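Enquirer: Okay, sequence plus prediction incoming.
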Amino acid sequence: MKLRNLFVALAATVALYSCGSSDKPVETSKIDTAAVTYAVNVDSSTVTWSGTMVKVYTHTGTVKLTSGSVAVAGGKLTGGDFTVDLKTINPLDSNYNTTDHKKEGLVGHLSAPDFFATDSFPTATFKIKSVDGTTATGDLTVRGKTNEEKVTDLVITADSASVSATGKLVFDRQKYGVAWTAKGKDMVLSNDIIISVMN
């Protein structure tokens, strides 16, 4: 799909910090062979997003992870799942004014039925099904709709007590009913949503 300029909050960066093991720390000598599942420390993790209104301004902000885990064996990712709380959309940039373009208005718009419909669908999830080299395939669920998507450019760093992961996910919002309708929408809002996972 052709990448165009992205609307506010539809480009995202996911940062996972302090992914502590959900079990006892394993011996370092077993890291290369044993499968270990790590629970994401949601208190020290964050999901950041950024997006650009065509040639006008860029918004950035955060949403929170509510849960997550990753499975690693032999230093490689083998599985995982993540849940994001879409009701925690929090703009952090300064591209607002006091009259017709306020942070509260952006949050309300992104939470509305023509975007993420957070009253009906408060979370989004991604569950890894398989990993091939630096690509993970999994099920992404947004607004109750599930489609298979790929995370590319994966890099995993693990030791006996923690793991960090980086990667990028690009998906078409139209497949999930995030179908804002407005005059000139194709010039304003890209169909592509980019999520980057990084430490």
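Expert: Great, that's in hand.
Enquirer: So V42 is in contact with T66, correct?
Expert: Yes. With contact defined as CB atoms under 8 Å, V42 reaches T66; the gap is 6.3 Å. C-betas here are computed from N, CA, C, even on glycine.
Enquirer: ok, G133 to T123 distance?
Expert: G133 sits 29 Å away from T123, going by CB to CB, to the nearest Å.
Enquirer: So between those two, which is more surrounded?
Expert: Taking neighbours as other CB atoms under 10 Å, G133 and T123 compare with T123 leading, 17 against 8.
Enquirer: Specify the beta-bridge partners of the more buried one.
Expert: For T123, the beta-bridge partners are D85 (DSSP bridges).
Enquirer: who has more neighbours, V42 and T66?
Expert: Of the pair V42 and T66, V42 is the one with more neighbours under other CB under 10 Å, namely 19 against 16.
Enquirer: Show me which helix or strand of the chain is least confident by mean pLDDT.
Expert: Least confident element among the helices and strands of the chain, by mean pLDDT, DSSP states H and E: strand 11-15 (a mean of 39).
Enquirer: Could I get the contacting residues of T152?
Expert: T152 makes contact with T134, T135, G167, K168, L169 under the criterion CB atoms under 8 Å, 6 or more residues apart in numbering.
Enquirer: sec struct for G108, please.
Expert: Secondary structure state of G108, per DSSP: H, G, I helix; E, B strand; the rest coil, is helix.
Enquirer: For it, grab the count of nearby residues.
Expert: G108, neighbours per other CB under 10 Å, totals 12.
Enquirer: how close does it sit to S50?
Expert: As judged by CB to CB, G108 and S50 stand 19 Å apart.
Enquirer: do S164 as well
Expert: Distance from S164 to S50, by CB to CB: 21 Å.
Enquirer: do Y96 as well
Expert: The gap separating Y96 from S50 is 15 Å, by CB to CB.
Enquirer: Which one's more surrounded, these two?
Expert: Neighbour totals were compared for Y96 and S50, and S50 leads with 19 against 16 (other CB under 10 Å).
Enquirer: Which strand residues bridge the more buried one?
Expert: Going by DSSP bridges, S50 forms beta bridges with A11, T60.
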